[in-house]
Every structure is written in C-alpha cells, then in structure tokens.
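Enquirer: generate coordinates for the sequence data below:
(2 chains)
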Amino acid sequence: MSHCIEMKQISKDYDRFQLHQVNLGIQEGYITGLIGPNGAGKTTLIRMMMGMVHPDKGEVKLFGEEDQLKLSRNKARIGYVSDENIYYEQLTVKQMKKVLAPFYDRWDEDTYQKYEAQFKLPPGKKIKDLSKGMKIKFSLAVALSHGADLLIMDEPTSGLDPVFRRELLDLLSEHIQDERKTILFSTHNTTDLDRIADYIVFINDGRIIFHEMKEALAEQYVLVKGGKELLDRDVRRMFVGVRENAHGFEGLAKERSDVERFFQDNAICETPTLEEIMYFTVKGSAVHV
Amino acid sequence: MSSAFYLIRKDFVLIKRMLLLFIPYYMIMGYTVMDQYTMFTLFPAMLLLINGCTLDVQQNNQRFLVSLPLQRQDIVRAKYLALFPYALLSFCCTLVLYAAAFALGKIDTPPAWREIALMLLLFLVLASLYLPLHYWLGQKGTQIVNFIFIMLIMLNVSAFNKLLEWFPAAGEWIATGSADHVLPVILLILACMILIYASYLISSRIFIKKDI
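Expert: All right, here's what the predicted structure looks like:
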C-alpha cells in the first residue's frame, strides 16, 4: 500500500512538549483522521508535513520524496486548510485568490467559481471581516481548486455551524470517490470521524497511541459497564482506563474477545465510540467521578 | 523566476494603500524641505520594504507563504528582488519632487544624480541589514527593528552630512563628479553588491531553518 506521507522516527523538543520518535504513514486513497486532545501534537505533526516546522530528528517524505526541492514542488499537490487564518486579512477574498492562484499550475478557475458560489463566499469582502466558518470555507475552496491529490486539514470543523459541518463531511466523502485522492483530517471532535474516516491515528502527549482502520478498533476495544464489586486489582489491570461513579464503573479494555469471555453475563460489553477510546486512553486508570 | 514576480506583485497588492499615503506626505514634506529633495530617495523605498515585511509576519502570513509550492529560498529571494522596484519607485518619487521644486522656482540646478545614486546605495545597504534581522526576529522583534530603522531614516539627513565631513572626497565627487574618483565609486558599488549577496545568504539560511 503506498503512502503519500511518511514520517520516520520524528522527534521534536519544545520547552514543555515533545514528539517522541513518531512513525506514521498516511495511506493513499483514504480518509485518515488524526485525533487527540488539545496539545497532543496534532498541529505540530501537520506543520511538519507542510514543511513549516522542522523535526529535530527523523525524516518526512511527501509522495515518496524527501529532497527539499521536490518536497516544495509537491506542495502543489496538497490542499492545506489551517486551524487558523493564514491569509492576508487586509485583502478581499477576490484579491487573495488572485494572489495565490498563479502559484498553482493546475489552478481551475471554474472549480473555484463553483465553490465560491456554493459556499456563498463574498468576493469583495475582506478576509478579516469573514467569520471563522467563512474563512474555513475560503481555505477549502482554494484547496479544492488546484487539483490537490492530498487534502491536509487541521481542525477544519471547529467554528462551523452544524449544517455546513454536515455539508463539509459530504463534500469530503464525494472528494474521496476519486481513489487517487487522500484526506488527512485532524480533530478533537471524534463524531466527524465516526462518519467518514477510514483510518484513525490517535496521538497523545507527543506519542502515537494507535494507527488503525476504524473498523479494526471496534474489534479490538470494548467498553465494559458493571457494578463496582467486579473491580479488584487484577480486574483493574485489564483496563486502559476506568471511570467509577456511585452506580458502578465503566472501563475501556483491549483484547475484546478475552474481556468479553471473562465478564460473560456479569457486565455489559459495548463497542466504544472514538470519543470513549480517546477519553479513557488519555485519562488512563486515574479517572474517578 | 515567475514565482518571484508573483511574490513581488503580492507585496505591491499589500502595500497599495500605503502608496496612496505618499502623495500627501510628499506634498507637505516636499514643500517644507524642498532644498534637500534627494533625502527623500531613501524614505519611500525603506518604508515600502518595512511595510511589506511587516505584513508578512502579521497574522501567521508566513505560514501561507510556506504552504505555497515554493522553496523557502524563493520567498527570501523575492524579498531581495523587490528592493529594485522599491528603489525605482523611490527614484521616480524623487524626480517628481525635483520637477515640482524646479517648476516652483525653488531649484534652478540640474538634478543631483550622484547624490540620488548614493541614496539608492544607502537604501540597499540598510535593506541588507534590515532583512536578516526581519527573518531572524520574526513577528516578535519586528516592531523594535522597524522602529530603529525608521529612526535611522529620519536621522539620515544629519548622518549624511556627517559622512561627507568624514569623507571629503565623497563630497567632492558629489559636487563635481570628477573622473579621479571613479575607482572608489566602483569599489563602493561592488562592496554594496557583495553586502546584498551576503545578506541574502544569511537571510536564506535563517529562514530555511526557522519553524513557522
């Protein structure tokens, strides 16, 4: 299976944060969701992919190229949607489009006009006067108008109203129908990924916790709900994380089949959502309510 | 090379509004200190450069530049190439000012070409110092660097006179344009070119390694 992005042994040290020997390959032709809590390292990884941040150690390959010259040319094949506005705020939508379009050989003005109309982007309005949702829409219109093979989106759904949020997810599903297209989508809102992602990369505290097909996660993880009397030291060790309350406990465990066999009819075993996997993994076994 | 053209065009789109502000500025300053019109060669060019650079570091705009399918050297090179249209614009402003002064009868001598040329060289020297600082300090240090350089431009009148006191040959060359002084002039231009190239290498090195 070919990867359009490969990161090998990536390390980066900041004052209060570290990325620890991250290995990651983004599969071509699929939607990969990058999840993790705030400050986990999602944006740093994405900025490394975009060549904005340099790793202290390790290598980043875009479309199989590590060479800096080819890497920068390959950015024409990437549509980037940032979590914050990166465009010149004093320019209008039309001026900004005119500024950036000539840098892309495959810029398609008709496609841009189509998205400008679809997203109701006001060409004469200054970027600074657009709402956050409209700024994301503009980024998306640009990203989709230069024939990008890879869309890299950093928290694109934050700040969007529920209607456009749905529309965006539909748009991405439509975009990925072309098997050569790839989407990497970072978010801490996992319900978006429940709908459209094929692969999930979970990062926490600068470490990749897992990188799996979404369906495989349901086979691996199990959410157990039961009475407190079931919890002893050995049972607690089975869980990635446990949450206790007055009525009982909820715990996330790996090795689904073993855990289901162990609890049998004594507890309820359910398939966890991505949010639950994220929650229990981040909080670990120290969660008590 | 075409990317440099589009990057420079982008700078001009951004500083368009500032260009309009030059009109009242020149009308006022030109009328009050018209006898020293050559001093205005430096001012617009430097101000355009400072403005263009400042707008690039505001609101994460360097991230936009780095997200484009360009090498970082291309972005830095375009900033250095932009010095030439800035200098040309400045030169044109000075000539307009001279023409106004001549028409109003404040000046009856031919344009001071050598002095204007020296001012343009001075602009390139100041830009060579400014740009590495801009790439090094980024958004955080930009305001301080801008303040220092604007002060330097403001002080350039007295500094220039002082310079002529220290190097009387330069003053003589400006006044007479004597052929005896051709070699120092060539050396000065060469030194300026070397300075710009060294400055470009330093800026590129800084910007390539920088996390944006």
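Enquirer: C-terminal to the least confident helix or strand in chain A by mean pLDDT, what's the next element?
Expert: Confidence across the helices and strands of chain A bottoms out at helix A:68-74, with a mean of 72, counting by mean pLDDT, DSSP states H and E. Beyond helix A:68-74 on the C-terminal side, the first helix or strand identified by DSSP states H and E is strand A:78-81.
Enquirer: now do that next one: which elements does it pack against?
Expert: Using 3 or more CB pairs under 8 Å, 6 or more residues apart in numbering or on different chains; DSSP states H and E as the contact criterion, the elements in contact with strand A:78-81 are helix A:132-145, strand A:150-154. Using the backbone N, CA and C atoms, a C-beta is placed for each residue, glycine as well.
Enquirer: least confident of these, on average?
Expert: Here the lowest mean pLDDT among the helices and strands packed on strand A:78-81 goes to helix A:132-145, at a mean of 90.
Enquirer: is it positioned near chain B?
Expert: No - in this structure, helix A:132-145 remains apart from chain B according to CB under 8 Å from any CB of the partner chain; the gap is never smaller than 10.0 Å.
Enquirer: list the buried residues of that helix.
Expert: A:133-145 (16 or more other CB atoms under 10 Å in any protein chain shown).
Enquirer: same check, this time on stretch A:250-260
Expert: For stretch A:250-260, the neighbour count (16+ other CB under 10 Å) marks A:250-253, A:256, A:259 as buried.
Enquirer: just the strands in chain B please.
Expert: Using DSSP state E, no strands are found in chain B.
Enquirer: contact residues of it facing chain A?
Expert: Taking CB under 8 Å from any CB as the criterion, chain B approaches chain A at residues B:2-3, B:6, B:9-10, B:13-14, B:17, B:55, B:58-61, B:63-64, B:66-72, B:74, B:209, B:211-212.
Enquirer: let's see that with 10 Å instead.
Expert: Proximity of chain B to chain A, by CB under 10 Å from any CB of the partner chain, involves residues B:2-3, B:5-7, B:9-11, B:13-14, B:16-17, B:55-56, B:58-74, B:208-212.
Enquirer: which SS state does residue A:208 fall under?
Expert: The three-state assignment at residue A:208 reads strand, by DSSP: H, G, I helix; E, B strand; the rest coil.
Enquirer: who's in contact with it?
Expert: A:7, A:10, A:19-24, A:34, A:36, A:41, A:45, A:201-202 (CB atoms under 10 Å, 6 or more residues apart in numbering or on different chains).
Enquirer: nearest residue to residue B:196 in space, please, no chain neighbours.
Expert: Sequence neighbours aside, residue B:128 is the residue nearest to residue B:196 in space, at 5.1 Å (criterion: CB to CB, 6 or more residues apart in numbering or on different chains).
Enquirer: make that residue A:190, sorry
Expert: Residue A:190 sits nearest to residue A:274 (CB to CB, 6+ apart), 3.7 Å away.
Enquirer: give me the element the most centrally placed residue in chain A is part of.
Expert: Nearest residue to the geometric centre of chain A (CA atoms, centre = their mean): residue A:186, 2.1 Å. Following DSSP H and E, one finds residue A:186 within strand A:182-187.
Enquirer: what pairs with that strand, parallel or antiparallel?
Expert: The partner list of strand A:182-187 in its sheet, established with DSSP bridges, is strand A:31-35 (parallel), strand A:150-154 (parallel).
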